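Enquirer: test case, fold it:
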Amino acid sequence: MYTSIVQFFQDGGPFMYPIMVVLAIGLAIAIERYIYLTASKRQNRKLLKKLLPLLQRGDYQQAYGITSKSNQAICRILSQGLAQYKSATNRDDIEAAMEESMMETIPRLEKRTHYLATFANIATLLGLLGTIIGLIKAFTAVAQVDPAMKSEILSTSISVAMNTTAFGLIVAIPLLLFFAVLQTKTTEIVDSLEMAVVKFVNLMMQRKTPGK
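Expert: Got it, this is the predicted structure:
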């Protein structure tokens, strides 16, 4: 099997190498993003469980002490809300502060993920380009050989030329799958942050409401 893979790669021509580079970069981004998003989701959930009881009993000072010292997404957002809490006159002021922090946080979660879709398209296009150039060379070579050999040479050349398209698709399909998985994880984190913002704003406004 190893020999077949090596032979397949060698027969594909020079365009196999840039496709391989695209694969390496894409995998590096996918792995880094997956680890980052998984860790971020776990840490946000852990901090949420820790902060919720504090906010429920109105211990905003301790909650702010925790959020101001952490760089996690949930802490950055809640820290802005808690900092605005004392001076805020209504719900909109707190929400505006937290939404501003949310707008800064979301790009960090989505960072580099969109490159995977771009790399998938590049791998496919490189594969097609390699095949077209291979076919041009094949037809050019066939024109200069004995007519009896044309059919055999042409079929062999076309088979080799198609290797780049096949490899481009082999690279593109997993990259698109990784892109979909990371997009789903990012959406889940953003949704959980938005739910946390609404929940915390409700808790804080209850404390501001007289008689609560």
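Enquirer: which residue is nearest the middle of the protein?
Expert: Most central in the chain under Cα atoms, centre = their mean is Thr113, positioned 2.5 Å from the mean C-alpha point.
Enquirer: for the chain, which spans come out with low pLDDT?
Expert: 86-89, 145, 148, 207-212 (pLDDT under 70).
Enquirer: picking up where we left off before, phi, psi for the residue nearest to the centre of the chain please.
Expert: Taking degrees, to the nearest 10, you get phi -60, psi -40 for the backbone angles of Thr113.
Enquirer: ditto for the one 10 residues further on
Expert: Dihedral angles of Ala123 (phi, psi; degrees, to the nearest 10) stand at phi -60, psi -40.
Enquirer: how much space separates Met103 from Gly65?
Expert: 25 Å (Cβ to Cβ, to the nearest Å). All C-beta spots, glycine's among them, are computed from the backbone N, C-alpha and C.
Enquirer: tell me which element Lys49 is part of?
Expert: helix 16-56 (DSSP states H and E).
Enquirer: what helices or strands is that helix leaning on?
Expert: Applying 3 or more Cβ pairs under 8 Å, 6 or more residues apart in numbering; DSSP states H and E, one finds that helix 16-56 contacts helix 60-69, helix 73-85, helix 114-142, helix 147-208.
Enquirer: if you compare those helices, which one is most tucked away?
Expert: Burial of the helices and strands packed on helix 16-56 is given as mean neighbour count (mean count of other Cβ atoms under 10 Å); helix 73-85 ranks first at a mean of 23.
Enquirer: after that helix, which helix or strand is next?
Expert: According to DSSP H and E, the helix or strand after helix 73-85 is helix 91-110.
Enquirer: CA atoms of that next one as PDB?
Expert: Provided in PDB are the C-alpha atoms of helix 91-110 (Å, rounded to 0.1, in the frame of the first residue of the first chain):
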ATOM      1  CA  ARG A  91     -30.600  47.300  31.200                       C
ATOM      2  CA  ASP A  92     -29.500  48.700  27.900                       C
ATOM      3  CA  ASP A  93     -26.300  50.200  29.400                       C
ATOM      4  CA  ILE A  94     -25.200  46.800  30.700                       C
ATOM      5  CA  GLU A  95     -26.200  45.000  27.600                       C
ATOM      6  CA  ALA A  96     -24.300  47.500  25.400                       C
ATOM      7  CA  ALA A  97     -21.100  47.000  27.400                       C
ATOM      8  CA  MET A  98     -21.300  43.200  27.200                       C
ATOM      9  CA  GLU A  99     -22.200  43.200  23.500                       C
ATOM     10  CA  GLU A 100     -19.200  45.400  22.800                       C
ATOM     11  CA  SER A 101     -17.000  42.800  24.500                       C
ATOM     12  CA  MET A 102     -18.900  40.000  22.600                       C
ATOM     13  CA  MET A 103     -18.000  41.700  19.300                       C
ATOM     14  CA  GLU A 104     -14.300  41.600  20.300                       C
ATOM     15  CA  THR A 105     -14.500  38.000  21.400                       C
ATOM     16  CA  ILE A 106     -16.300  36.400  18.400                       C
ATOM     17  CA  PRO A 107     -13.500  37.200  15.900                       C
ATOM     18  CA  ARG A 108     -11.000  35.400  18.200                       C
ATOM     19  CA  LEU A 109     -13.200  32.300  18.100                       C
ATOM     20  CA  GLU A 110     -13.600  32.400  14.300                       C
END
